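Engineer: generate a structure from the sequence data that follows.
(chains A, B and C)
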Amino acid sequence: MAATIYFVVRLHNLLAVVMLGGIYSLLAATMFVVLDAVDVAFTEAAVGAGISTVLMLGALSMTTSVEKTDARSTLLPLLFVVLAGFALIYGTLDMPHYGDPIAPIHQHVAPTYLADSLAKTSVPNVVTAVLASYRGYDTLGEVVVIFTAGVGVVLLIGRGRRRPGRKRDGE
Amino acid sequence: MEWAGLYNYWIVIFLMMAGLYVVIASGNLIKKMVGLNIFQASVFLLYITMGKVQGGTAPIIEEGIRVYSNPLPHVLILTAIVVGVATTALGLAIIVRINEAFGSIEEDDLEKPEEAS
Amino acid sequence: MSHHLIVRVVSKLLIPFILLFALYVQFHGDFGPGGGFQAGVIFASAFILYALVFGLDNARRVLPEWVTRAGIALGVLIYGGTGVVGILLGHNYLDYSPLGSTAPLGQHIGISVIEFGVGMTVASVMATIFLAFAGRNRDLFDLEE
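Structural biologist: Presented below is the predicted three-dimensional model:
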């Protein structure tokens, strides 16, 4: 994954950058399988590596596919990023260790979900049960967000045939 | 080696900062979107590693399995991924409109005065 | 891309299975990994594959734009409407217990229904977004491999 990101930073061919973004998503999906999050891995593989790469390619074909190599300084962003990174690492020093079963996150509502969801909802997949039943309001909100994004895209570029693309850019 | 158990956070932070660097340092709007996606995927990874329990398995109830990973982060991230792609699409739509209006998707060109373009 | 024989034949073979897999993921999401979000995306990806291989006009004929646009709203409506049914039957909003003869059965039915709503919205949104992007640059789109 680090190598993927390195090339994302270095390359100026946007087509390659977008493809590497897709590869990054696919690698993240395999990580999710290893970390027991099969539902999430499923979604990431379908969405991150599939749909969003296709959309990016669509956007690329409408714009330009080579990034202009700009002369602006990269030192300041790098400094900022390194500083932020160290601040975050400092913040993790008190965090519970990886895979620790007594971490606070595993003590709150999660045991209840795991113990009760089958009896209460007769759905063996706890993720689905929590998603749709315990946290139905959240999911309703998410669906409305997706709805809004879809409406927004249609409003922005839905009526495509009025202009023949980038020929008439007013230049 | 008291900090050895924290390596998952450090990996995530590295990936996250790399994504942030792409967002800040590149002037191309589409590359910024890719950087934003990388940043986003790293945050997902942070949540999922938090939900992992040693020796646990995927949270689908089966006979004879006692330890499951925490399902709550999975739920949050599941919805976040799909919302993420929806917002990405919206961002790309805006980029396409910017390109049509100004003929460029480079920040430096966009910041120039109108008559220069 | 429409003149590539192998691509055409293989995608003709594959698309029914992708659709079938999407339905499996949709309705088996209670028992295994899957659910409305994933199923919607897979369904949309089958449609996108069709549009890429057979061209935008054929894709529009299969799934006209008004269908996908109606699907966006209908999915949200199914989700919200299920919650309202809960109220009408004397429970809280989005409480599915009264939908079945017993509370767990009702929950199960409710979860399946709203997952269907989620799947419909996600699939329609993804297809609509793709159509919007592809319709924007028709001539480029057909040249794109």
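
Engineer: I'd like the average pLDDT over whatever helix or strand residue A:28 lives in.
Structural biologist: Using DSSP states H and E, residue A:28 maps to helix A:14-34. Across helix A:14-34, the average pLDDT comes to 86.

Engineer: could you report the neighbour count for whichever residue of chain A sits closest to chain B?
Structural biologist: Nearest residue of chain A to chain B (Cβ to the nearest Cβ) works out as residue A:97 at 2.8 Å. All C-beta atoms are positioned from the backbone trio N, CA, C, and that covers glycine. If you count neighbours by other Cβ atoms under 10 Å in any protein chain shown, residue A:97 ends up with 16.

Engineer: so residue A:18 makes contact with residue A:60?
Structural biologist: Yes - contact criterion Cβ atoms under 8 Å: residue A:18 and residue A:60 qualify, at 6.3 Å.

Engineer: so between these two, which is more surrounded?
Structural biologist: Regarding residue A:18 and residue A:60, a neighbour count based on other Cβ under 10 Å identifies residue A:18 as having more, with 25 against 20.

Engineer: before we move on, back to that, is chain B contacted by the helix holding residue A:28?
Structural biologist: Yes - Helix A:14-34 reaches chain B (Cβ under 8 Å from any Cβ of the partner chain) through A:14, A:17, A:18, A:20, A:21, A:24, A:25, A:28, A:31, A:32.

Engineer: show me how chain A divides into domains.
Structural biologist: Per automatic domain parsing, the structural domains of chain A span A:1-68, A:102-160.

Engineer: out of the residues of helix A:14-34 next to chain B, grab the one that's most surrounded.
Structural biologist: Neighbour max across the residues of helix A:14-34 next to chain B (other Cβ under 10 Å) = residue A:21, 29 neighbours.

Engineer: do you know how far residue C:37 is from chain A?
Structural biologist: Residue C:37 sits 6 Å away from chain A, taking Cβ to the nearest Cβ, to the nearest Å as the criterion.

Engineer: let me see the contact set for the residue nearest to the spatial centre of chain A.
Structural biologist: In chain A, the residue lying closest to the centroid (Cα atoms, centre = their mean) is residue A:48, at 6.5 Å. Residue A:48 makes contact with A:22, A:24, A:25, A:26, A:28, A:29, B:37, B:41, B:81, B:85, according to Cβ atoms under 8 Å, 6 or more residues apart in numbering or on different chains.

Engineer: pipe these into a markdown table and attach distance to residue B:20 per row.
Structural biologist: Formatted as a markdown table, those follow (distance: Cβ to Cβ, whole Å):
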| residue | distance to residue B:20 |
| --- | --- |
| A:22 | 20 |
| A:24 | 14 |
| A:25 | 17 |
| A:26 | 21 |
| A:28 | 16 |
| A:29 | 22 |
| B:37 | 12 |
| B:41 | 13 |
| B:81 | 19 |
| B:85 | 20 |
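
Engineer: end to end, how far does stretch B:95-112 reach?
Structural biologist: End-to-end distance of stretch B:95-112: 17 Å, with Cα to Cα, to the nearest Å as the criterion.

Engineer: pLDDT weak spots in chain B?
Structural biologist: Counting by pLDDT under 70, the ranges of chain B that qualify are B:1-4, B:113-117.

Engineer: for it, what lies in contact range of chain C?
Structural biologist: Near chain C, when you scan chain B using Cβ under 8 Å from any Cβ, you find B:58, B:60, B:78, B:79, B:81, B:82, B:85, B:86, B:89, B:92, B:93, B:96.

Engineer: the closest residue to chain A within chain B and residue A:133, how far apart?
Structural biologist: At 2.8 Å from chain A, residue B:5 is the closest residue in chain B, using Cβ to the nearest Cβ. Residue B:5 is 34 Å from residue A:133, where distance means Cβ to Cβ, to the nearest Å.

Engineer: ok, these two, which is more surrounded?
Structural biologist: residue A:133 (23 against 14).

Engineer: distance of the more buried one from chain C?
Structural biologist: Taking Cβ to the nearest Cβ, one finds residue A:133 at 6 Å from chain C.

Engineer: for the residue nearest to the spatial centre of chain C, give me its contacts.
Structural biologist: The geometric centre of chain C, computed from its C-alpha atoms, lies nearest to residue C:123 (Cα atoms, centre = their mean), at 3.0 Å. Contacts for residue C:123 (Cβ under 8 Å, 6+ apart) come out as C:22, C:39, C:40, C:41, C:43, C:44, C:47, C:71.

Engineer: narrow these to those in helices?
Structural biologist: C:22, C:39, C:40, C:41, C:43, C:44, C:47, C:71 (DSSP state H).

Engineer: if we can go back for a sec, what helix or strand is the residue of chain A closest to chain B located in?
Structural biologist: Per DSSP H and E: nothing holds residue A:97, as it lies in no helix or strand.

Engineer: excluding chain neighbours, what is closest to the most far-flung residue of chain C relative to its centre?
Structural biologist: Of all residues in chain C, residue C:90 has its C-alpha farthest from the mean position, at 31.0 Å, by Cα atoms, centre = their mean. Counting by Cβ to Cβ, 6 or more residues apart in numbering or on different chains, the nearest residue to residue C:90 once its immediate chain neighbours are dropped is residue C:98, at 6.8 Å.

Engineer: how far away is that neighbour from chain A?
Structural biologist: 13 Å.

Engineer: rewinding a little: just the contacts of residue A:48 now: which is nearest residue A:148?
Structural biologist: Nearest to residue A:148, judged by Cβ to Cβ, of the contacts of residue A:48 is residue B:85 at 13.6 Å.

Engineer: OK, contacts around that closest one?
Structural biologist: A:47, A:48, A:51, A:52, A:55, C:126.

Engineer: show me the helices in the chain, by range?
Structural biologist: Let's take chain A. Secondary structure of chain A (DSSP H): helices located at A:2-10, A:14-34, A:38-46, A:52-62, A:75-92, A:110-121, A:126-129, A:136-157.

Engineer: my question was about chain B, not that one.
Structural biologist: Counting by DSSP H, the helices of chain B are B:7-25, B:29-51, B:71-102, B:107-111.
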